[in-house]
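S.K.: What follows is a predicted protein model with its sequence.
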Amino acid sequence: MKIGVLRIGQVDSDTTKRIQESISTIFTQTKCIVIDEEIPLPEEAFNKARKQHRSEVILRKVRSYAEKSHFDRVLGIADIDVFVPTLNFVFGQADYDGRAALISLWRLRPEYYGDLPNEQLFDERSVKEAVHELGHTLGLEHCSNVFCVMHFSSSIYETDVKHSLFCDKCSIKIEAAITGLGKNHEGQV
């Protein structure tokens with residue numbers, strides 16, 4: 001499986017590289033590449049009243065990019081505050097059993113919560129959200145295990161509790177999904 005990491009708007013390249021390296025370690029049967037180009041933030045995603053961006057509008061752009069690319073999955077990374085209409089904010093969003101995922105770095109920084117900068121904590125949070133959203137693209141739903149990366153995080157504290165890895169139950173599902181992708185690509189050029 002090939003995963004492309006796509007910057008949307010201004011995103012720190014070092015952060016993107018660290019996320020890419022962690023994804024390669026966690027998804028051992030994949031090749032993860034940072035895409036050289038970046039796509040601009042869609043202006044229509046910004047909601048003036050909320051001063052946030054609609055994640056589904058940005059996800060649509062990632063999906064469009066994925067459909068034209070040679071990647072099995074594309075993870076979009078944005079450094080803006082995102083939301084879906086039914087929630088105050090989201091850390092990310094993905095197409096369930098699809099090719100596109102999106103994470104936002106905005107609320108993952110300790111400084112957002114009034115804490116001192118902590119690059120290690122920021123990186124851990126970023127990786128957890130990236131793996132979580134990619135898990136959705138591979139057909140995984142939210143997990144009831146609070147330590148599983150697929151557990152739903154309604155707050156940063158829940159993100160901090162969970163691990164960056166899948167629980168045993170979700171690991172089996174991920175393995176089957178990735179193996180299935182590989183079988184679908186056999187014999188293709």
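M.R.: On my side now, so go ahead.
S.K.: Any regions of this structure where pLDDT drops low?
M.R.: Along the chain, the parts satisfying pLDDT under 70 run over 182-189.
S.K.: could you pull out the helices for this structure?
M.R.: Per DSSP state H, the chain carries helices over the ranges 13-26, 55-68, 119-137, 156-161, 168-185.
S.K.: for these, which one sits closest to Phe91?
M.R.: Proximity to Phe91, assessed across the helices of the chain by CB to CB, is greatest for helix 119-137 (4.7 Å). No exception for glycine: its C-beta is placed from N, CA and C like everyone else's.
S.K.: What is the closest one packed up against?
M.R.: Helix 119-137 is packed against helix 13-26, strand 73-78, strand 92-94, strand 100-104, helix 156-161, with contacts defined by 3 or more CB pairs under 8 Å, 6 or more residues apart in numbering; DSSP states H and E.
S.K.: what about Gly4, how many residues close to it?
M.R.: Neighbourhood size, Gly4 [other CB atoms under 10 Å]: 22.
S.K.: Next: Val161.
M.R.: Val161 has 13 neighbours, counted by other CB under 10 Å.
S.K.: got the contact list for it?
M.R.: When contacts are counted by CB atoms under 8 Å, 6 or more residues apart in numbering, Val161 is found next to Val146, Phe147.
S.K.: repeat for Thr179
M.R.: Gln29.
S.K.: That one and Phe152: what is the separation?
M.R.: 26 Å (CB to CB, to the nearest Å).
S.K.: swap in Ile172?
M.R.: In this view, Ile172 and Phe152 are 20 Å apart by CB to CB.
S.K.: How about Glu133?
M.R.: Shown here: Glu133 relative to Phe152, a distance of 12 Å by CB to CB.
S.K.: more neighbours, the two?
M.R.: Legend: neighbour count by other CB under 10 Å for Glu133 and Phe152, higher for Glu133 (24 against 14).
S.K.: The more buried one reaches Ser104, doesn't it?
M.R.: No. Between Glu133 and Ser104 no contact is recorded; they are 10.2 Å apart, counting by CB atoms under 8 Å.
S.K.: and the longest strand for this structure?
M.R.: strand 31-39 (DSSP state E).
S.K.: Given it, what are its sheet partners and their directions?
M.R.: Here the strand partners of strand 31-39, with direction, are listed using DSSP bridges: strand 2-8 (parallel).
S.K.: ok, and for the partner strand, which residues are buried?
M.R.: Residues of strand 2-8 classed as buried: Ile3, Gly4, Val5, Leu6, Arg7, Ile8 (neighbour count, 16 or more other CB atoms under 10 Å).
S.K.: and what of stretch 93-110?
M.R.: Within stretch 93-110, the residues that count as buried by 16+ other CB under 10 Å are 93-95, 98-110.
S.K.: Provide a list of residues in contact with the residue nearest to the spatial centre of the chain.
M.R.: Nearest to the mean C-alpha position of the chain, counting by CA atoms, centre = their mean, stands Ala130 at 3.1 Å. Applying CB under 8 Å, 6+ apart to Ala130 gives the contacts Ile19, Ser22, Ile23, Leu75, Ile77, Gly92, Ala101, Ile103.
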